[in-house]
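J.: One predicted model, sequence on top.
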Amino acid sequence: MTGTGQAENEDLAPHHAENQAYRRQGPLTAEKRARGEASAKLIRKELEKVRQEGGAGEYGVFSDERIAAALSRLGCGREHGVYIGNGFYSVHTGVTCVSGRVTKDELTSEVHGAYAEPQPGTGPCVENRGGH
């Protein structure tokens, strides 16, 4: 069954791969990943300042405005595919995506490729919660 995706897992529906295509991320070369990791380091450093300043709201989440202000200090705005919501952030660096969470208790980041079909209205770095 070459090319069907079923050879790896016989329990999958016949069109599972096609039905999940909207969730695919663009591939990252080693060079792109390294550039993304460098961007992630800068982003984490700026967002750590937000955490150190304190003032988290309900559930330890900082306001979207404070996260946006931190990212804007790096020159990141909506034109860079920035999306912020409920402690989640994502930035498209032009090469890769950097996404993660910033709350009172955690600061995470993940470097990944842009989604084939991102969540509408969010930029290229937010996984689509629905389908295609």
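T.: Now that the structure is in, tell me what you want to look at.

J.: Only C-alpha atoms from now on, for both contacts and neighbour counts.
T.: Fine.

J.: Assign a three-state SS to the residue positioned nearest the centre of the chain, would you?
T.: Most central residue of the chain, judged by C-alpha distance to the mean C-alpha position with C-alpha atoms, centre = their mean, is Ser99 at 2.9 Å. Following DSSP: H, G, I helix; E, B strand; the rest coil, we place Ser99 in the strand state.

J.: Leaving out the residues flanking it, which one is nearest to it?
T.: Of all residues not flanking Ser99 in the chain, Ser90 sits nearest, at 4.1 Å (C-alpha to C-alpha, 6 or more residues apart in numbering).

J.: Could you do Leu47 as well?
T.: Ala70 (6.2 Å).

J.: was I right about the residue nearest to the centre of the chain contacting Ile84?
T.: No. At 9.6 Å, Ser99 does not count as touching Ile84 under the criterion of C-alpha atoms under 8 Å.

J.: ok, which stretches of this protein are helices?
T.: If DSSP state H is used as the criterion, the helices of the chain fall at 16-19, 30-53, 64-72.

J.: Low-confidence bits of the protein, can you list those?
T.: Segments of the chain classed as low confidence (criterion: pLDDT under 70) are 1-23, 131-132.
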